[in-house]
Each structure stands twice: as C-alpha cells, then as structure tokens.
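**Q** structure for this input, please:
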Amino acid sequence: MRFRGILSLYSWRFPVVVVYMLQSTEYQIGPYLKWFWETNDFSRVMYRRTLVRTRSARLLLVALRLWMAAQILFGLLLIMRWAQGDLYTGLAFGWALLISYPVVWAHLVILPLLLGRELIAKPQHRRVIRASKSIFAAFTGPKIAVAGSYGKTSMKELLLTVLSEGKKVAATPANKNVAISQAYFAHRLKGDEEILIIEYGEGGPGDVAGFAQVTQPTHAIITGIAPAHLDLYKTLDAAAQDIFSVSKVVPPEQVYINAESPDALPYVHAGQQLYSEKHALGWNITDVKLDITGTRFTMHKGTEKMALHSGLLGRHQVGPLALTAALAREFGLTAAQVRTGIGKTMPYEHRMQPYAIHGAWVIDDTYNGNIEGMRAGLHLLTELKAKRKWYITPGIVDQREKSNAVHQELGKLIAAAHPDIVVLMQHSVTSAIQQGLEAGGYKGEIRIENDPLDFYQNVQLLVANGDLVLMQNDWPDNYR
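**A** Prediction:
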C-alpha cells in the first residue's frame with residue numbers, strides 16, 4: 001500500500017467508503033472482506049457511485065464515526081499524559097496506535113454486525129419464508145414464476161402492466177427476487193388478487209429450486225440462459241440446471257421458454273412451449289417495425305388479429321411482448337385491453353432507455369450485464385439510422401474462466417455492427433474486447449477511457465446532432 005493509500009485509512013471519508021463496500025456486497029462477509037483486503041487505496045473505491053443512505057447504512061455510518069471520534073479523543077488524551085512524562089502511558093500510547101489502526105478499529109464494529117446478521121437475521125428470515133409457503137399454497141389463481149439469466153424484471157413488468165388492464169395483479173417489487181423478498185411479498189398480499197407474478201433471482205445453486213418449493217407456481221417463464229453469476233454457479237450448465245428446476249413443479253404446457261436464447265434450448269423438455277419474435281402460444285407474428293420511438297408488430301391466430309405498438313426498443317422485445325399478449329388473452333383479457341396494455345409498456349430505467357441530447361439519441365442499456373443482452377443491443381444499433389453511431393461499454397462482469405472468450409465474442413459482435421466510434425472503459429477485460437474487434441475486422445475509431453466517471457458526465461460534450469449512442473452494461477466498483 002502506497003503512502004496515499006495509507007492516508008486514505010485515516011480519512012474522515014473512510015467510514016463512508018467502508019459502509020459503501022458493505023452495501024455493494026449486500027453485507028456478505030466473504031465478498032466484503034475479499035474486496036477490502038484487495039484494496040490498496042480507499043480514496044479510489046467509491047469513485048463512480050455513491051452510498052445509498054438507507055436506514056441501516058446511516059446507523060452503521062454513525063457507529064463507525066463515533067468509534068473514529070473516540071479513537072482520536074483517546075489518542076489525544078494519551079499524548080497529553082505522555083507529554084507530562086508518564087513513561088508507562090507512553091508505552092500505552094504506542095499500543096493504542098497499534099490497536100486503533102483503522103482496519104482493526106472499523107472491524108470491531110463491522111464484524112459483530114455481520115455475525116449478528118448471520119446468527120439473528122437469517123433464522124428470522126427462515127421463519128418468515130416458512131410462513132409464506134402456506135400463503136402461496138392457499139392462493140388459487142395463476143402464479144407466474146419468471147426466471148432466467150437476464151430479462152426477468154423486464155418480463156415481470158410487462159406482465160404486470162398488461163395483465164392489470166383486466167385483472168387484479170400483484171408482482172414482487174423492483175428487482176427484489178430472493179426468498180425473503182418473495183416471503184414479504186406474500187405477507188403483504190391483500191387477498192383480492194387474481195394473478196401473482198414472482199421474479200426468481202439466481203444467486204447460487206439450489207436457489208430457484210428452493211423458490212419453486214415455497215411459491216409453487218402454476219406457470220413459469222424462462223427468459224434465457226447466459227453466463228452470469230458464474231462466481232457462484234461455476235459453470236453455465238449449473239446455472240441452467242438451477243433455473244430450469246422451476247419446471248419440475250409446473251405442468252410442461254405452462255412452461256414458456258425464450259427460443260431466441262441458444263443456451264436455453266438444450267434444456268427444453270417435451271411439451272414445453274417456446275416463444276420468439278415469430279411465434280408465441282399459437283400466434284404468428286408479422287410486420288415487425290422498429291424505430292427510436294418503439295416497436296410495432298401484428299399477431300395472428302385463426303381469424304383473430306392484433307396490431308400492437310410498444311414503447312420498448314428492439315427486435316428482442318417482440319417475443320416477450322407477444323408472449324405477454326398471448327397469455328393475457330388466455331387469462332381472459334379482451335383484444336382491446338391487450339392493445340391498451342401493450343401500448344403502456346415503456347423502457348425501464350437503464351434498460352434500452354432512449355433520451356435525446358443536443359440533437360443526438362442516447363440509448364441507456366447500462367443495467368444490462370450479459371452477452372445475449374449485448375447481442376440484442378448491437379442488433380438494434382444496426383437497424384436504427386444515424387449520421388454517426390457510438391458504442392460504449394466496460395465489458396461484462398462475473399464471467400470467470402469464460403471471460404476471455406466472452407469478451408472476444410463481444411468484440412466481434414461490435415465489429416459486425418459497424419459503429420463509427422467504439423469507447424471502451426479501461427478494465428481487466430479491455431484487451432480481450434480489442435482482440436475481438438481486431439478479429440472481426442473493425443475499421444472504425446477505438447477510444448480507451450481511463451476515467452469512466454468523467455467520460456459519462458461529459459458525454460453530452462462529445463456527441464453531435466444526428467448521432468446515435470448505445471451505452472451497454474456497467475462495471476461495479478468491486479470488480480477489477
């Protein structure tokens with residue numbers, strides 16, 4: 001650790017950084033300690049994001065700062081005693097300097113907190129989860145589980161928006177998709193709901209199977225399989241097996257799988273239904289049209305026809321939109337209600353979200369974090385017209401041993417989309433993306449940015465009228 005890094009330990013900002021690191025790792029002891037001990041300069045940690053000052057974060061920050069103030073006061077008192085010639089106190093002062101070293105001092109507060117969370121909070125969570133199982137079991141309407149490596153929250157919000165046109169629908173909030181979030185969701189139900197939508201996260205092996213045992217869904221949507229969370233699943237197959245485990249409790253004909261996810265197809269079983277931009281639950285899809293304002297398409301089934309328009313961007317949105325429309329009809333919504341619901345669907349924050357700036361269009365897809373999402377965004381970039389096209393990315397985290405191969409593939413995909421300017425954020429995967437760009441024969445301009453925050457804050461100064469800018473993925477501070 002260099003001199004500046006040592007000084008950062010004694011900064012008044014140090015407790016904020018520590019709480020930020022805890023929050024970013026979801027207060028998990030292992031990931032937090034790994035990040036902490038690998039950090040050489042804490043002044044560079046909270047660089048692109050800031051601490052979200054939740055109640056827990058504020059309380060922990062107060063505790064840490066009180067400890068730091070006590071440390072300073074104790075040190076000053078010892079200095080006064082030492083200055084008066086008390087040699088024994090002088091020895092004590094030296095020892096105090098050792099034990100008050102911020103790394104130790106901070107963790108006198110942090111580690112008991114984290115251990116308390118493990119010993120007290122988790123058992124309480126298990127009781128809440130067990131109690132929720134009977135609530136889910138008593139619900140007699142459709143319970144739709146949404147699982148997959150990507151696109152879960154978007155799919156859930158699509159269903160909620162459209163089905164709410166004709167039914168009383170409840171869905172797990174935001175991206176709250178773990179067991180305790182699902183349990184709290186169950187306990188907050190009013191009792192008059194007709195359809196439940198439950199998003200399944202996949203933090204590690206057995207998660208999805210556990211969620212399915214508690215929530216007992218009647219329908220399941222698998223949005224796709226891609227390399228993600230491989231730090232815990234280790235292999236793509238392990239992740240796919242866990243995600244597809246939801247199908248063990250759902251009738252095959254009520255399991256719907258994204259046919260445009262090549263890594264999902266090997267796990268499809270007989271009787272399960274595929275959906276895509278061409279077909280969904282017996283409906284044929286034609287006349288797909290895309291522009292910066294949204295997506296239009298027509299659905300046909302027998303003599304019935306629905307012309308639909310959504311504010312969502314991209315051809316990859318057609319399959320999920322069509323599946324949502326088809327399910328809505330099966331659940332009893334009228335064609336008019338479906339059209340109205342689909343018309344209300346708009347881009348979600350940081351998910352293919354367009355906005356205009358100085359005559360240019362920026363598509364913010366920075367929430368995305370998988371190769372299939374990158375592929376879909378780059379395909380959209382080729383379909384939209386612009387005077388000049390930019391593509392901006394830092395790469396993808398959580399790829400482990402697949403990282404080089406995935407980022408070389410990303411480089412080739414970028415090359416095939418032919419943006420005029422490619423901006424890469426300097427990280428551990430940057431060289432692999434460059435290798436892919438070279439292999440794909442990219443001839444445009446490549447810029448490497450060492451200061452992502454400065455770049456994103458000043459992107460409006462770089463673009464010109466008629467430009468189209470696609471920004472994909474983010475790079476959390478706890479990844480190198």
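**Q** assign a three-state SS to the residue nearest the centre of the chain, would you?
**A** Taking Cα atoms, centre = their mean, the centroid of the chain lies closest to Tyr367, which sits 5.8 Å from it. Assigned by DSSP: H, G, I helix; E, B strand; the rest coil, the conformation of Tyr367 is coil.
**Q** that one contacts Met352, correct?
**A** No: the pair Tyr367 / Met352 is not scored as a contact, 9.1 Å apart, by Cβ atoms under 8 Å. For glycine as for every other residue, the C-beta is placed from the backbone atoms N, C-alpha and C.
**Q** and the helix or strand in which Asp454 is found, average pLDDT?
**A** Here Asp454, judged by DSSP states H and E, is contained in helix 452-457. Regarding helix 452-457, the rounded mean pLDDT is 80.
**Q** show me what that helix is packed against.
**A** In terms of contacts (3 or more Cβ pairs under 8 Å, 6 or more residues apart in numbering; DSSP states H and E), helix 452-457 is packed against strand 421-425.
**Q** now do 10 Å
**A** Judged by 3 or more Cβ pairs under 10 Å, 6 or more residues apart in numbering; DSSP states H and E, the packing partners of helix 452-457 are strand 388-393, strand 421-425, strand 445-449.
**Q** want to throw those into JSON lines with distance to Arg65?
**A** Output for those, formatted as JSON lines (distance: least, Cβ to Cβ, whole Å):
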{"stretch": "strand 388-393", "distance to Arg65": "37"}
{"stretch": "strand 421-425", "distance to Arg65": "33"}
{"stretch": "strand 445-449", "distance to Arg65": "34"}
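**Q** can you list those in TSV and add distance to His187 and mean pLDDT?
**A** As requested, those are exported to TSV (distance: least, Cβ to Cβ, whole Å; pLDDT from 0 to 100):
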stretch	distance to His187	mean pLDDT
strand 388-393	40	95
strand 421-425	42	94
strand 445-449	46	94
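**Q** dump those strands to CSV, plus distance to Ile195 and mean neighbour count.
**A** Listed next are the helices and strands packed on helix 452-457 as CSV, based on distance: least, Cβ to Cβ, whole Å; neighbours: other Cβ atoms under 10 Å:
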stretch, distance to Ile195, mean neighbour count
strand 388-393, 37, 23
strand 421-425, 41, 22
strand 445-449, 45, 13
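**Q** count residues in the vicinity of Phe192, would you?
**A** If you look again at residue 192, you'll see it is Asp, not Phe. Number of residues near Asp192 (other Cβ atoms under 10 Å) recorded here: 7.
**Q** and for Gly359?
**A** Using other Cβ under 10 Å, Gly359 is surrounded by 11 other residues.
**Q** and the closest residue to it other than its chain neighbours, what is it in contact with?
**A** Nearest residue to Gly359, sequence neighbours excluded (Cβ to Cβ, 6 or more residues apart in numbering): Asn465, at 3.2 Å. Applying Cβ atoms under 10 Å, 6 or more residues apart in numbering, we find Asn465 in contact with His358, Gly359, Ala360, Lys387, Arg388.
**Q** ok, the second one to Leu468 distance?
**A** Think Gly359. Using Cβ to Cβ, to the nearest Å, Gly359 is found at 11 Å from Leu468.
**Q** please apply the same query to the first one.
**A** Going from His358 to Leu468 by Cβ to Cβ gives 13 Å.
**Q** can you count the residues close to the closest residue to Lys167 other than its chain neighbours?
**A** Of all residues not flanking Lys167 in the chain, Glu194 sits nearest, at 4.5 Å (Cβ to Cβ, 6+ apart). A total of 16 residues lie near Glu194 under the criterion other Cβ under 10 Å.
**Q** output the below-cut-off pLDDT ranges for the stretch 51-200 of the chain.
**A** Along the stretch 51-200 of the chain, segments meeting pLDDT under 70 span 72, 75-109, 111-121.
**Q** which residues in the stretch 51-200 of the chain form helices?
**A** Chain-ordered helices for the stretch 51-200 of the chain, with DSSP state H, counting those that start in this stretch as the definition, fall at 55-83, 87-99, 102-116, 122-138, 152-163, 179-187.
**Q** by contact count, what packs against the fifth one?
**A** Packing partners of helix 152-163 (3+ Cβ pairs under 10 Å, 6+ apart): strand 143-147, strand 169-171, strand 195-199, strand 219-222, strand 304-310, helix 318-330, helix 335-344.
**Q** flag every buried residue along stretch 27-34.
**A** For stretch 27-34, a neighbour-count test (16 or more other Cβ atoms under 10 Å) marks Tyr27, Pro31, Tyr32, Leu33 as buried.
**Q** kindly export it (C-alpha atoms) in CSV.
**A** What follows is stretch 27-34, C-alpha atoms only, in CSV (Å, rounded to 0.1, in the frame of the first residue of the first chain):
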residue,chain,number,x,y,z
TYR,A,27,-23.5,-7.2,3.6
GLN,A,28,-22.0,-10.6,2.8
ILE,A,29,-18.9,-11.3,4.9
GLY,A,30,-16.8,-13.2,2.3
PRO,A,31,-17.2,-10.8,-0.7
TYR,A,32,-16.8,-7.8,1.5
LEU,A,33,-13.6,-9.0,3.2
LYS,A,34,-12.1,-10.1,-0.2
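**Q** Gln353 and Tyr367, how far apart?
**A** Taken as Cβ to Cβ, the span from Gln353 to Tyr367 is 9 Å.
**Q** rounded mean pLDDT for stretch 289-302, please.
**A** 95.
**Q** now do the same end-to-end measure for it.
**A** Start to finish, the residues bounding stretch 289-302 are 22 Å apart (Cα to Cα, to the nearest Å).
**Q** next, the buried residues of it.
**A** Neighbour-count burial for stretch 289-302, counted by 16+ other Cβ under 10 Å, picks out Leu290, Gly294, Thr295, Phe297, Met299.
**Q** so how far is Asp467 from Trp390?
**A** To Asp467, Trp390 is 6 Å away according to Cβ to Cβ.
**Q** burial measure for Lys176, as a count.
**A** Count around Lys176 with other Cβ under 10 Å applied: 15.
**Q** now do Thr25
**A** Applying other Cβ under 10 Å, we find 18 residues neighbouring Thr25.
**Q** now swap in Met46 and tell me
**A** That count, for Met46 with other Cβ under 10 Å as the rule, works out to 18.
**Q** what about the nearest residue to it once chain neighbours are set aside, which helix or strand?
**A** Nearest residue to Met46, sequence neighbours excluded (Cβ to Cβ, 6+ apart): Tyr20, at 4.8 Å. If you go by DSSP H and E, Tyr20 is part of helix 14-24.
**Q** now find how far off-centre whichever helix or strand comes after that helix is within its chain.
**A** The first helix or strand that comes after helix 14-24 along the chain, using DSSP H and E, is helix 29-38. Relative to its parent chain, helix 29-38 has a centroid offset of 20 Å by Cα atoms, centre = their mean, to the nearest Å.
**Q** check stretch 243-252 too.
**A** The mean C-alpha position of stretch 243-252 is separated from the chain mean by 23 Å, Cα atoms, centre = their mean.
**Q** ends of it, how far apart?
**A** Stretch 243-252: ends 15 Å apart by Cα to Cα.
**Q** repeat that for stretch 303-321.
**A** End-to-end distance (Cα to Cα), stretch 303-321: 20 Å.
**Q** is Ile195 bridged to anything, and to what?
**A** With DSSP bridges as the criterion, Ile195 is bridged to Val169.
**Q** quick one: contacts for it?
**A** Per Cβ under 10 Å, 6+ apart, neighbours of Ile195: 139, 141-144, 159-160, 163-164, 166-171, 218-219, 327, 331.
**Q** buried ones among those residues?
**A** Buried members of those, counted by 16+ other Cβ under 10 Å: 139, 142-144, 159-160, 163-164, 166-167, 169-171, 218-219, 327, 331.
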